[in-house]
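> kindly generate the corresponding structure for this input.
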Amino acid sequence: MITKEAVKHIAQLARLGLSEKEIGKYQKELSSILDYVEKLKRVDVSGVEATSHPLSMENVMRKDEVLSSKKKLIEGYLKVKSIL
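This is a model prediction of the structure:
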């Protein structure tokens, strides 16, 4: 179980002012979370393929089109109006 001093230190780092009742409450909750994390560490995931996102996603991009107007090219650069 996480100590009250550890809870006070975490609260100080987060700039939280906790009462003694809240410290006791968070002591139990943080200990419960850390116990659950320990359970998760023991789960065998060796046969699970790594994913970056659970849904199939792909970029939707428009087709590149070549500029048809050569008169707007100056020394290989496209001439555009000034934007101020």
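
> CA only for contacts and neighbour counts going forward, please
OK.

> name the single longest helix found in this structure.
Criterion DSSP state H: the longest helix present in the chain is helix 20-41.

> who are the packing partners of whichever helix or strand comes after that one?
For helix 20-41, the succeeding helix or strand toward the C-terminus, using DSSP states H and E, is strand 73-74. Applying 3 or more Cα pairs under 8 Å, 6 or more residues apart in numbering; DSSP states H and E, we find strand 73-74 packed against no helix or strand.

> any idea of the mean pLDDT in the following helix or strand past strand 73-74?
Sequence-wise, the next helix or strand downstream of strand 73-74 (DSSP H and E) is strand 77-78. For strand 77-78, mean pLDDT rounds to 78.

> partner strands of strand 77-78 and their direction?
Strand pairing for strand 77-78, determined by DSSP bridges: strand 73-74 (antiparallel).

> hmm, who's touching the strand it pairs with?
K79 (Cα atoms under 8 Å, 6 or more residues apart in numbering).

> pull the distance from that strand to the chain's centre.
Distance of strand 73-74 from its chain centroid, counting by Cα atoms, centre = their mean, to the nearest Å, is 44 Å.

> so K72 makes contact with K81?
No. Assessed by Cα atoms under 8 Å, K72 is found out of contact with K81, at 10.6 Å.

> who has more neighbours, these two?
A direct count of neighbours by other Cα atoms under 10 Å for K72 and K81 places K72 higher, at 13 against 5.

> gap between the more buried one and I83?
Distance, K72 to I83, by Cα to Cα, to the nearest Å: 17 Å.

> lowest confidence element among the helices and strands of this structure?
Ranking every helix and strand in the chain by mean pLDDT, DSSP states H and E puts strand 73-74 at the bottom, with a mean of 74.

> check the gap between K25 and D64 for me.
Taking Cα to Cα, one finds K25 at 59 Å from D64.

> more crowded one of those two?
K25 (12 against 6).

> quick check, pLDDT for L67.
Note on L67: pLDDT of 62.

> and if you look at I83?
On the pLDDT scale, I83 gets 81.
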